[in-house]
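Novice: Everything below, folded, please.
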Amino acid sequence: MRRDRSVIVLATLIAVVVVVPFAAAAWEPAKPIELVVPAGTGGGADQMARLVSGLAEKHKLSPRPLLVVNKSGGAGAEGFLYVKGKKGDAYTLVITLSNLFTTPLHTGIPFSWKDLTPVARLALDQFILWVNAETPYKTAKEYLAAVKERSTGDNRMKMGGTGSAQEDQIITIQLEQALGVKFTYVPFKGGGEVCVNLVGKHVDSTVNNPIECVSHWKAGRVRPLAVFDTARIPEPEWKEIPTVKEALGVDLSYLMLRGIFGAPDMPKEAVEWYTGFFKKLYDTPDFKKYLSEGALKPAFATGAEYVKWVEDAEKLHRDLMVRGGLLKK
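Specialist: You can find the predicted model right below:
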């Protein structure tokens, strides 16, 4: 009888020893992670995604690589619907920008940000009014005066942007309404392509993010005229650029999301791992340098804070699109 009891006790101890380590082990990726970019190559979202992938490897932040995949069709609809279809998947992320709101509002595609799993907000991006450096316009006031002169004819100034009803066109319409001017809006597939077309003089101006035009600016190909924010960009390299209010006397500001969402119903333990992963990545000197050089506003947030910001941002975009005639009430 005692021997039987000893056997039972020993078996129980073995079971505890075997089970507890497995139960205590935290989730981590066991295969490559897909990081979807709902925009073209070369733009701000694409650049950030590829930086995230590179820093994850450099700093050994993930046991498996992050693979960047561009799905830009339908102003990002292709990418969002792809991620939406990965319900319950722990290995699919999407880097988001304002088309998270503008594309479903404008096109009516069966998608909402609420279909996805919020992970982290990494930054807020700004917009700058740019012209080709070979043009005579040294200030936003000079350029908008020329725009006004050509507003009534067929030879309007061309404003390049990333797609119909996207943030670039929203800002363009705000300029038109505030100053009584008219542009011909020309959509492209991504911010990188937009700036290339400005350099090539296929458009007269753009409202790109700083990071999408910074290399061309440093090479002397484009000229920044004004920033769409309530204050100047504080970074030394950018601080001489006036705000739109300073340059034109109209109070226009706009900030764009640079955030991460996961597939619908992503497992809780995976969300927790990704939240920790992005906080570690955000805190690296390399990422801090990237934020500074690209004039992005540091704005890390997760959980309820992130969700509340996204809810408010969606309402703001709906209102801006209604006022701009891009969406019916």
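Novice: dump the residue contacts of residue 163.
Specialist: Applying Cβ atoms under 8 Å, 6 or more residues apart in numbering to residue 163 gives the contacts 75-76, 99, 169, 187-189. Glycine gets a C-beta too; all of them are placed from N, C-alpha and C.
Novice: pull the longest strand from the protein.
Specialist: When the chain is parsed with DSSP state E, its longest strand is strand 117-125.
Novice: CA atoms only: put that one into CSV for me.
Specialist: Extracted in CSV, the C-alpha atoms of strand 117-125 (Å, rounded to 0.1, in the frame of the first residue of the first chain):
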residue,chain,number,x,y,z
THR,A,117,-6.6,44.3,-33.3
PRO,A,118,-5.0,47.5,-32.1
VAL,A,119,-1.3,47.0,-31.2
ALA,A,120,0.6,50.3,-30.9
ARG,A,121,0.8,53.8,-32.2
LEU,A,122,4.4,54.6,-33.1
ALA,A,123,4.3,58.2,-34.2
LEU,A,124,2.3,61.0,-35.7
ASP,A,125,3.4,62.3,-39.1
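Novice: centre of the chain versus that strand, how much separation?
Specialist: 8 Å (Cα atoms, centre = their mean, to the nearest Å).
Novice: Strands of this protein, residue ranges please.
Specialist: Using DSSP E, strands in the chain cover 33-37, 66-70, 92-96, 117-125, 128-132, 158-161, 184-187, 205-206, 222-227, 256-262, 297-301.
Novice: ok, residues contacting the longest one?
Specialist: With contact meaning Cβ under 8 Å, 6+ apart, strand 117-125 is reached by 44, 48, 93, 97, 209-211, 255-266, 271, 274-275, 278-279, 282, 291, 294, 296-303, 306-307, 309-310.
Novice: neighbouring strands for that strand, and are they parallel or not?
Specialist: Here strand 117-125 has these sheet partners by DSSP bridges: strand 256-262 (antiparallel), strand 297-301 (antiparallel).
Novice: Point out the most buried one among the ones you listed.
Specialist: strand 256-262 (a mean of 25; mean count of other Cβ atoms under 10 Å).
Novice: roughly how far is that strand from the heart of the chain?
Specialist: Relative to its chain's centre, strand 256-262 lies at 6 Å (Cα atoms, centre = their mean).
Novice: With stretch 68-82 instead?
Specialist: For stretch 68-82 - counting by Cα atoms, centre = their mean - the centre lies 13 Å from the chain centre.
Novice: Which ones among the contacts of residue 163 map onto helices?
Specialist: 99, 169 (DSSP state H).
Novice: which of the contacts of residue 163 has the most neighbours?
Specialist: residue 76 (32 neighbours; other Cβ atoms under 10 Å).
Novice: So that one is in contact with residue 40, correct?
Specialist: No. Residue 76 is not in contact with residue 40 according to Cβ atoms under 8 Å; the separation is 9.6 Å.
Novice: Could you save the strands of the chain as JSON lines and add columns showing mean pLDDT?
Specialist: Listed next are those as JSON lines, based on pLDDT from 0 to 100:
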{"stretch": "strand 33-37", "mean pLDDT": "98"}
{"stretch": "strand 66-70", "mean pLDDT": "97"}
{"stretch": "strand 92-96", "mean pLDDT": "97"}
{"stretch": "strand 117-125", "mean pLDDT": "97"}
{"stretch": "strand 128-132", "mean pLDDT": "98"}
{"stretch": "strand 158-161", "mean pLDDT": "96"}
{"stretch": "strand 184-187", "mean pLDDT": "96"}
{"stretch": "strand 205-206", "mean pLDDT": "98"}
{"stretch": "strand 222-227", "mean pLDDT": "98"}
{"stretch": "strand 256-262", "mean pLDDT": "97"}
{"stretch": "strand 297-301", "mean pLDDT": "96"}
